[in-house]
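Enquirer: build the 3D model from these lines:
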Amino acid sequence: MTEQARTAPDHGLAARIEKREAVIGVVGLGYVGLPLAAACARAGFPTLGFDVDPGKIRDLNAGRSYIDAVASDDLAAHVAAGRFSATGDVASFARCDIIIICVPTPLTRHREPDLRYVTMTAEAIAAHLRAGQLVVLESTTYPGTTDEVLKPILEASGLSCGIDFFLGFSPEREDPGNVAFQTVSIPKIVAGDGPVAAALVQAFYGAVVARVVSVSSPSVAEAVKITENVFRAVNIALVNELKIIYDAMGIDVWEVIDAAATKPFGYMPFYPGPGLGGHCIPIDPFYLTWKSREFGLTTKFVELAGEINVSMPRYVIASVERHLDSRQKRSLSASRVLILGLAYKKNVSDIRESPSFHLMDILSQRGAQVDYHDPHVPVIPATREHGQYEGVRSVELTPEALARYHAVIVSTDHDAVDYERVARHSALVIDTRNVFHRKGISASVVVKS
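Expert: Residues are numbered from 1 along each chain as shown. Next up, the predicted model:
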């Protein structure tokens, strides 16, 4: 921390951070917020978790975790030691020295940014804001959100940013299911609005995670996150388009990618699939395209990538329809189809923006009977966009059950699935993840798509 920052009026917050006395409030206890709250408690900070779901609050205060990245034993130890508790009472914001916002930032139906959860949270914080607090936004958003959206709401409290309270942005970088990188081991991008805020944000996260990377402003930090996810979205779109082209040529795109990946420089493998899932990659490019229009600019390359990725579920269904007709002389509307894997990626229970939902929607609209199996999602919970599936249960993957379906679509390649059983007892398998080839399972019923 610079000497200037040390002598700036930070209301004693730097000293409280250094002594681990600062009370941390984490708003939104999902896949981002809960692991962060647990990391703060593990670092020795008294931590309050805020959520609107009473069920989550009950579970957490009883030491029960619903997120794979946070072990219940670890959580229970923090609760028993008094380092962590959960609440829905926004008046408790006044108790916090640092408030971290980890709420969803989805898209509207018109694919425009939906910041209602950020603005609602900011308004609740503003009602209880006091001098000396640091507010940090972690939710993924477009460059300028912290300064243009969050700051005015907080300053409506009558307090001044940089003088009475402090503001920062630090993009979340969670990767559910990745055991190699967890909250504390992933380098943390941080930025503050002004030198005092920058020093406070760096000091706080430096006490929680292994490495902090400071950038010059919240807008730069916001752009870092957008750039990371646009990079992935564009490259995934490229291999998805190559898959379509190579399929038409009779070339196996997976073999092509594996061979290209042997080049030790200038190439990074990305893999095709049935569409994009998760909270960030399907959404972030559209945040950037929306913001760019403010400057009279178009993002043709990024928008094209988005269009390709959005179109992939329909490409998969077209493949199902084609093979049902050629192999079974059966129409899609007269078929029973099993979606194998509901989560958006393997070995996790995270269903946010999962392409499996889009596959289910299209199949249902076309008249097919649709079920799913997912060892990590036994029952479909309430979702913002797919409420019609709430309460639907995963079917058991028995030989008898598999024999009832005319087609099985591998949408997510969970390890906890007996793929040999699937190949042995299914009439047709559409493999969008190349899992059968990777596991050395050869069967005439399996079709790569």
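
Enquirer: shaky segments in the stretch 1-150 of the chain?
Expert: 1-8 (pLDDT under 70).

Enquirer: same thing but 80
Expert: 1-8, 109-110 (pLDDT under 80).

Enquirer: is the closest residue to residue 333 other than its chain neighbours in a helix, a strand, or coil?
Expert: For residue 333, ignoring the flanking residues on the chain, the nearest one in space by Cβ to Cβ, 6 or more residues apart in numbering is residue 367 at 3.2 Å. (Each C-beta comes from the backbone N, C-alpha and C, glycine too.) Under DSSP: H, G, I helix; E, B strand; the rest coil, residue 367 falls in the coil class.

Enquirer: any idea how far residue 367 is from residue 136?
Expert: Distance of residue 367 to residue 136, given as Cβ to Cβ, to the nearest Å: 49 Å.

Enquirer: show me which of these two is the more surrounded one.
Expert: residue 136 (27 against 11; other Cβ atoms under 10 Å).

Enquirer: what helix or strand is the nearest residue to residue 67 once chain neighbours are set aside on?
Expert: Among residues not flanking residue 67 along the chain, residue 34 sits closest, at 4.8 Å (Cβ to Cβ, 6+ apart). Taking DSSP states H and E as the criterion, residue 34 maps to helix 33-42.

Enquirer: who touches that helix?
Expert: 24, 26-27, 29, 47, 49, 51, 60, 65, 67, 69-70, 74-75, 78, 83-84, 100, 102, 138, 172, 174, 182-184, 208-209 (Cβ atoms under 8 Å, 6 or more residues apart in numbering).

Enquirer: mind running it again at 7 Å?
Expert: Outside of helix 33-42, the residues within contact range by Cβ atoms under 7 Å, 6 or more residues apart in numbering are 24, 26-27, 29, 47, 49, 67, 69-70, 74-75, 78, 83-84, 100, 102, 174, 183-184, 208.

Enquirer: are any of these buried, and if so which?
Expert: 24, 26-27, 29, 47, 49, 67, 69-70, 75, 78, 83-84, 100, 102, 174, 183-184, 208 (16 or more other Cβ atoms under 10 Å).

Enquirer: those in helices, which ones?
Expert: 75, 78 (DSSP state H).

Enquirer: next step: the buried ones among the contacts of helix 33-42 restricted to strands.
Expert: Using DSSP state E, the members of those that fall in strands are 24, 26-27, 47, 49, 84, 100.

Enquirer: all strands for the stretch 201-350 of the chain, in order.
Expert: Using DSSP state E, counting those that start in this stretch, the strands of the stretch 201-350 of the chain run over residues 212-214, 336-340.

Enquirer: which residues does the nearest residue to residue 201 once chain neighbours are set aside bridge with?
Expert: Nearest residue to residue 201 in three dimensions, chain neighbours excluded: residue 168, at 3.9 Å (Cβ to Cβ, 6+ apart). Here residue 168 sits in beta bridges with residue 136, residue 192, going by DSSP bridges.

Enquirer: wait, residue 168 sits on residue 194?
Expert: No: Residue 168 lies out of contact with residue 194 (Cβ atoms under 7 Å); the separation is 9.4 Å.
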